[in-house]
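Participant: Give me a 3D structure for the following:
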Amino acid sequence: MEDRIISANLMMEDQEVELSLRPRYLAEYIGQQKAKENLKIYIEAAKMRREALDHVLLYGPPGLGKTTLSHIIANELGVNLRTTSGPAIERPGDLAAILTNLQEGDVLFIDEIHRLHRSVEEVLYPAMEDFALDIIIGKGPSARSVRLELPPFTLIGATTRAGLLSAPLRDRFGVMTRLEYYTVEELTFIVSRASDILGVQIVGEAAEEIARRSRGTPRIANRLLKRVRDYAQVRGGRHDHPGDGS
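Facilitator: The predicted structure is shown next:
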């Protein structure tokens with residue numbers, strides 16, 4: 001029992017560390033310059049018009065910052081972010097419950113959106129296009145459709161497999177942004193920034209070495225940095241715990 005509690009606490013701490021490493025605004029976001037410039041314009045235009053941002057599709061290989069960008073977009077807009085994933089929405093009713101709890105201007109982030117069931121996907125069509133939810137009441141010949149109005153919102157879909165999205169769903173996204181692999185220089189900046197947040201002293205050459213081994217992916221770079229931190233802490237003997245007698 002105690003082991004499970006300790007494991008849960010460690011997992012929560014690790015999640016908190018992950019969150020602390022993520023930039024919160026576009027000005028802090030390193031790399032993806034073209035995507036960043038475009039999103040900045042779209043966000044500013046939406047704020048000037050006091051409208052919900054157009055629906056956004058983020059696609060590209062895993063670990064490049066799609067989830068981070070969804071948080072940044074919500075922060076830049078100054079609105080709430082609701083997060084879920086394609087596999088988690090099993091029935092149309094699940095999606096309807098999420099949509100009816102959105103407030104005006106909210107951002108709804110659906111990760112792995114290519115894994116939505118087709119029946120769930122069809123509920124999204126009027127929600128994205130008309131900010132409306134069509135509900136069928138009753139069964140058989142007496143069934144009737146009732147349309148519920150939804151507050152304007154922004155859907156951000158993320159996928160590593162854009163080719164699996166159906167054409168009707170893909171066409172309803174007003175902004176489509178592909179994330180590319182990062183350069184060594186960009187990853188070096190990311191590693192240096194993360195080391196400052198983690199309180200790890202790291203020289204430029206070491207940050208660049210981690211960047212070169214990260215396969216163009218910030219998630220891998222941050223993971224390697226944390227493992228280097230663990231190794232330095234244990235083997236370097238610089239961080240003794242209070243009261244350990246050393």
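
Participant: Tell me the pLDDT of the most centrally placed residue in the chain.
Facilitator: Nearest residue to the geometric centre of the chain (C-alpha atoms, centre = their mean): residue 67, 1.1 Å. Per-residue pLDDT puts residue 67 at 96.

Participant: Could you report the distance from it to residue 89?
Facilitator: Counting by C-beta to C-beta, to the nearest Å, the gap from residue 67 to residue 89 is 17 Å. C-betas here are computed from N, CA, C, even on glycine.

Participant: Tell me where this structure has helices.
Facilitator: If DSSP state H is used as the criterion, the helices of the chain fall at 2-21, 33-49, 66-77, 92-99, 118-130, 167-170, 184-198, 204-212, 218-236.

Participant: list the buried ones in the last one?
Facilitator: Residues of helix 218-236 classed as buried by neighbour count (16 or more other C-beta atoms under 10 Å): 218-222, 224-226, 228-229, 232.

Participant: and the angle for it with helix 184-198?
Facilitator: 50 degrees (axes from the mean of the first three to the mean of the last three C-alpha atoms, to 10 degrees).

Participant: ok, now the third one?
Facilitator: Taking the same axes, to 10 degrees, one finds that helix 66-77 is oriented at 70 degrees with respect to helix 184-198.

Participant: Show me what helix 66-77 is packed against.
Facilitator: Contacts defined by 3 or more C-beta pairs under 8 Å, 6 or more residues apart in numbering; DSSP states H and E place helix 66-77 against helix 33-49, strand 56-59, strand 81-85, strand 107-111, strand 154-159.

Participant: just those: most buried one?
Facilitator: strand 154-159 (a mean of 26; mean count of other C-beta atoms under 10 Å).

Participant: Quick check: can you name the pairing partners of that one and their directions?
Facilitator: Partners of strand 154-159 in the sheet, by DSSP bridges, are strand 56-59 (parallel), strand 107-111 (parallel).

Participant: What's the mean pLDDT across it?
Facilitator: 98.

Participant: partners of residue 85 in the sheet?
Facilitator: Beta-bridge pairing of residue 85 under DSSP bridges involves residue 111.

Participant: and the gap between it and residue 172?
Facilitator: Residue 85 is 19 Å from residue 172, by C-beta to C-beta.

Participant: cool, residue 135 as well?
Facilitator: To residue 172, residue 135 is 20 Å away according to C-beta to C-beta.

Participant: Comparing those two, which residue is more hemmed in?
Facilitator: Neighbours per residue (other C-beta atoms under 10 Å) separate residue 135 from residue 172, with residue 172 holding more: 17 against 14.
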